[in-house]
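[1] sequence first, then the predicted structure, then my questions.
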Amino acid sequence: MRVMVLVKATKSSEAGEMPSEQLMADMGTFNEALVKAGIMRTGDGLKPSSAGVRVRFSGKERMVTDGPFVETNELVAGYWLWEVASMDEAIEWVKRCPNPMPEDSEIEIRPFYEPEDFAKADPSGKLREREEALRDAISLQSAQVQSYLFFSGRCEEALSFYTEVLAAKVGMMMRFSECPDPLPEGMLQPGFENKIMHADFTVGKTNLMASDGCGESGSYEGFRLSLTVSTEADAARVFNALSEGGKIDMPLGKTFWSPCFGMVTDKFGIGWMVTIPDPANS
């Protein structure tokens, strides 16, 4: 069952008093235990009600009231969303929680309505299906799509090249020889033991991932990386650098969508589209 665990506000939380370093550490330890137990789904602290607003509904009228709000013991200062087996389990976890306030405080546990609770109001199940579709959409809103490039044995050379010509910054890098788990027999090509199993690097604000792969030779067809820079001088500089040892597919020039656009395939076979935004569309 899902429960919302509400940390009730106190005079200190409504005054904006921040938790001590010790309390932050204790709460961090408690949260780690919740995560390891597979209970915590999310959680956060809330600013005082003086930073919030209330919207009152009366017929078709909507009236907005700025905080702070009275009746401190009815306000919420923070929350968790937990997945537990029962209310008793939730109570036992709350008892283990450090007192979240410097003074006496309360934590309230409220179970969520589950879809079956609305069966009477939704006999066809269509509203439930619609709600589930919305939840699926919300879940995917935090998904990320990243490009993962395979260099067939030249990954380290490629990362060095991009560091030089694109000011790329390499983050995590692991070789096959450093893999904590053994690879399936015959998966890795002989001689690739010290090749890059996984690496990540950033170009500007974009994070990319890279690997040598397990030895297969591949080709980059059907996609390109689009590199947007600020000025024509920057475009020319990176375009020329990327084309060294590679191939110019479309020289830099003015198009109807950009004052400077060109396509190049670098010496590793990666296709790039270098562009600067049209000021009229900025």
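    The structure has been received and is ready for your questions.
[2] what about the strands in the chain?
    2-8, 40-45, 53-58, 61-66, 76-83, 107-111, 148-150, 169-175, 196-203, 206-211, 225-228, 247-253, 260-265, 271-276 (DSSP state E).
[3] reformat these as a markdown table; add mean pLDDT.
    Listed next are these as a markdown table, based on pLDDT from 0 to 100:
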| stretch | mean pLDDT |
| --- | --- |
| strand 2-8 | 95 |
| strand 40-45 | 92 |
| strand 53-58 | 88 |
| strand 61-66 | 90 |
| strand 76-83 | 95 |
| strand 107-111 | 95 |
| strand 148-150 | 92 |
| strand 169-175 | 95 |
| strand 196-203 | 95 |
| strand 206-211 | 95 |
| strand 225-228 | 95 |
| strand 247-253 | 95 |
| strand 260-265 | 96 |
| strand 271-276 | 95 |
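[4] which one of these lies nearest to residue 25?
    strand 40-45 (14.9 Å; C-beta to C-beta). C-beta coordinates here come from the backbone N, C-alpha and C atoms, glycine included.
[5] which neighbouring elements make contact with the closest one?
    strand 2-8, helix 21-36, strand 76-83 (3 or more C-beta pairs under 8 Å, 6 or more residues apart in numbering; DSSP states H and E).
[6] state the number of residues packed around the residue nearest to residue 50 when sequence neighbours are not counted.
    In space, and not counting its chain neighbours, residue 50 is closest to residue 68: 3.9 Å by C-beta to C-beta, 6 or more residues apart in numbering. Residue 68 has 13 neighbours, counted by other C-beta atoms under 10 Å.
[7] roughly how far apart are residue 68 and residue 277?
    Plainly put, residue 68 is 44 Å away from residue 277 if you go by C-beta to C-beta, to the nearest Å.
[8] residue 110 versus the nearest residue to residue 9 once chain neighbours are set aside, what's the distance?
    Nearest residue to residue 9 in three dimensions, chain neighbours excluded: residue 75, at 3.7 Å (C-beta to C-beta, 6+ apart). As judged by C-beta to C-beta, residue 75 and residue 110 stand 15 Å apart.
[9] what of residue 161?
    Using C-beta to C-beta, residue 161 is found at 56 Å from residue 110.
[10] same question, residue 154
    Distance, residue 154 to residue 110, using C-beta to C-beta: 56 Å.
[11] those two: who's more crowded?
    A direct count of neighbours by other C-beta under 10 Å for residue 154 and residue 110 places residue 154 higher, at 17 against 12.
[12] which residue sits closest to the more buried one, ignoring its sequence neighbours?
    Using C-beta to C-beta, 6+ apart, the closest residue to residue 154 is residue 268 (5.9 Å).
[13] residues near that neighbour, how many?
    20.
[14] repeat for residue 188
    Residue 188 has 18 neighbours, counted by other C-beta under 10 Å.
[15] so what's residue 45 bridging to?
    With DSSP bridges as the criterion, residue 45 is bridged to residue 78.
[16] so it sits against residue 78, correct?
    Yes: contact criterion C-beta atoms under 8 Å: residue 45 and residue 78 qualify, at 4.1 Å.
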